[in-house]
Structure formats: C-alpha cells, structure tokens
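Enquirer: Next come a sequence and a model predicted from it.
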Amino acid sequence: MSESSVSQPHLQPSVWIAVVAFAISYLFAVYLGAMGLLLPVVGELFRASPAVQGQVFLASFGGSVTGVLLSGTLSDAFGRKQILLGSLVTTFCGLALMGGATAFPLILLGAVLVGGGGAGAQTVSSALLSDLYAERRTLFINGVQVAFGLGAVSAPFLAQALFATPGQWRLFYGILAVAQVITLMVLATLSVPATIPVIRDSSSPRNRFHLLREPYLLILCLSAFLYSGAEVAIFSWMPTYLKTLPGGDTVQGLVVSVFWLPMTIGRICLNLVLRVISLERLRLLLASGAAVASAVTLFLPTPGAILVGVACTGLCFSGVFSVLLADGGNRYPETAGTSLGLIVATSGAGAAVLPWLVGTLQDAGFSWSASLVVVPVAALLIALLALIPLPNKTNGNPKGR
C-alpha cells in the first residue's frame, strides 16, 4: 500500500489566512441570523404564505449539505485556496441574487447558492487552518466557531433596522455581497502553501472514499447530527414555548441572545480548558452538562428561570462542535476537507431533522416540555458516544492542542 504525497516543509502562514477564515464564518452567521427577519418581509412583498416562506430554510439547508460535501472533497483533490475562492464567488452570486430578487423563486435560488457557498467556504477554511496550524488545530478551528457565534449574536442588531424599513433589506444583502468581494480579494492576494498530501492509491484506507467506512468518523458525524439538531431545536422553539407561559411573551425575544452569548464565551475559553483535558473527555463532560442543564430547564416554572437554564445549556454546548471538528482534523489530516465536510454536512441534517421532530411531537398533542425532551436526549446520546472505546489517534496531539 503506497501513497504519493507532497512534502510538508515548516510552514509560516500569514496571519491574514486566519483572519479570512474568521471573516468567512462571521459573515455566514450574519446571513443565517438574519434569515428569520427576512421571511416576513419576503412574505409580504411576494405574497408568500408561511409554508412557502419556509422553503427558504429548505433551500439554504439543501445548498449547505451539497456545498460542504463537494467543496470538502474537491479541496482535498485540488487544493484549499482554489475551492475556497470558488465558494466565495458562489456566495457572492447568491447574495446579489437575493438582494436583487424580483420574484420568490429567485430568493430560493439565492438561498441555495449562499447556503452552499457559505457553508462550503466555512468548511474549507477550517480544513485549511487544520493544515497550516496542526500543532494548534483546536485553537484555530475553535476560532472559526467563535467568529460564527459573534456573527449570530450581532446579526439581529445589524439587520433589524434595515429590515424594518421597506425596501432596505436589499441593501443588507448588498452590503454582505460587498463584504464577500473584499474577503475574496484579500484571499486572492495571499500565498497559501500547498500542505495537503495527494493520495493516489485508491486502496489506501486514507482514501477519501474509504472515510465512510471509518468507525470513528461515523461517530463524529452522528455526534454532530445530534449536537446541531439539539442546538437549533432549543433556541428555535424555546421562544414559542415561553410565549405559552404567563409573562413569557416579555422575554421570548431574548432567548437567542441568551443562548448564544454563553456559547460564544465558552468557545473563547475552550483552549484554556484543553490544556488540562483531552478532546474526548471534554466532549463527554460538555455533552453530559448540556443534557442535565436542558432537562432541568424544561421543568423550571418561570420565564426568568428558564432563561437561566437556556444560558447554562448554551455554555455546556459551547465547545462540542469545535471539539468534533478538531478531533476530525487530528485523526484524518490527509483528508481534512472531506472529513470536516462530512461532519458539517451531517450537522446540517441534524439541524433540520430534530427541530422538525420537536414540532411534530407538539402537533401530535404532546406538551412543549415533552416535545423538547428531544434536546436532553440528543445531548445524552452524544455523551454516550464519547464513551465508546476506539483506537488511539495516529496523528495529532492527544489533547488536540
């Protein structure tokens, strides 16, 4: 069994590569965070019913899954920079299309392009950082997630004023499109070292197509599915749950920020924690904490107490996805684009399936507390998956630093 690979000299990558990666993640989070504000405006403008408006989420999700699978695999074959530039161009086209849309189908097409390009760019930029900063892989991949958290927190504030004014939502997408062009231009001027081995033997267990038979990668993917599903379910449905409680309507608008602020703070502190604990152990502890915090939250009697529970849940969830991505990068460094793409793609599937399951249970007659049990159950399953004994890593630092 032989491999032909590109030698990897000592690399001193420009700090601007990391800046570009963080900017990509931040801008994608701003787009996603503003999507909920877009729907009422689009519905009024194009006379689209709520069911039709919901197609925007399906379009963006479908584009994201396709984008990360394609871009991750192609970046392993042809290089990170080329695919990253293509993803940014795709995102720009989608944002420009949404901003200039004269019919609802154009909004959907734009959502497909932005979802595919934005998620693909985020995945490939994470893989690039995994290549260039192997000894500090977790720090930089987590930095991408911190940037995403900051974008998610700031998106409502950045978009609300423009969306509140008729017609100005187009300017919002125009500004995002310009930001994509600036990011693309900065990346185009940077010298990105060729760091990834090129695997030519199709029988190699490290071959991209053999990754689907790697047990540990499948566990990481399943964990990502459960994590993203639980994350989206709790901050998407909790406002509706609060609205059913006495006094809950006065605080329901705070839920997203209350969830994402501790998430972001936790991600900022993650690297300090990893100095004393391994990736696998931290995943177990965080998921266990999220299971307990989210379960307790469902039994709290007042809206204020529920907000505290949501904040604690967000803090516990904060490092799970970063740890999953860093672990994938550590164990499959030669195919980081493909492995991270699979993890991100399955997380996107979870973000669609589990929130849908919560809504379905509620429609079937279950109470909101019973329906939202999906969240602590998913977190508990992540913890149980972290207990499965597996072979030692063949690459990377045991603590993921």
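Expert: Sure, I can see it.
Enquirer: Show me the chain divided up by domain.
Expert: Split into domains by automatic domain parsing, the chain comes to 15-189, 211-385.
Enquirer: Report the buried residues of stretch 356-370.
Expert: 358, 361, 362, 368 (16 or more other Cβ atoms under 10 Å). For every residue, glycine as well, the C-beta is placed using N, CA and C.
Enquirer: so who does the third one touch?
Expert: Pointing back at residue 362 there. Applying Cβ atoms under 8 Å, 6 or more residues apart in numbering, we find residue 362 in contact with 368, 371.
Enquirer: hmm, back to that, JSON lines for the domains of the chain, including mean pLDDT?
Expert: Formatted as JSON lines, the entries for the domains of the chain read as follows, by pLDDT from 0 to 100:
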{"stretch": "domain 15-189", "mean pLDDT": "85"}
{"stretch": "domain 211-385", "mean pLDDT": "87"}
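Enquirer: List the buried residues in the helix ranked longest in the chain.
Expert: What stands out as the longest helix in the chain, according to DSSP state H, is helix 15-46. By neighbour count with 16+ other Cβ under 10 Å, helix 15-46 contains the buried residues 17-39, 41-43, 46.
Enquirer: cool, stretch 346-359 as well?
Expert: 346, 347, 348, 349, 350, 351, 352, 353, 354, 355, 358.
Enquirer: In JSON lines: those residues, plus secondary structure and distance to residue 289.
Expert: As requested, those are exported to JSON lines (DSSP: H, G, I helix; E, B strand; the rest coil; distance: Cβ to Cβ, whole Å):
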{"residue": "346", "secondary structure": "helix", "distance to residue 289": "23"}
{"residue": "347", "secondary structure": "helix", "distance to residue 289": "19"}
{"residue": "348", "secondary structure": "helix", "distance to residue 289": "24"}
{"residue": "349", "secondary structure": "helix", "distance to residue 289": "24"}
{"residue": "350", "secondary structure": "helix", "distance to residue 289": "19"}
{"residue": "351", "secondary structure": "helix", "distance to residue 289": "21"}
{"residue": "352", "secondary structure": "helix", "distance to residue 289": "25"}
{"residue": "353", "secondary structure": "helix", "distance to residue 289": "23"}
{"residue": "354", "secondary structure": "helix", "distance to residue 289": "19"}
{"residue": "355", "secondary structure": "helix", "distance to residue 289": "21"}
{"residue": "358", "secondary structure": "helix", "distance to residue 289": "21"}
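Enquirer: Just name the closest of those residues to residue 295, please.
Expert: Distances from the buried residues of stretch 346-359 to residue 295 were compared by Cβ to Cβ; the smallest belongs to residue 358, at 14.5 Å.
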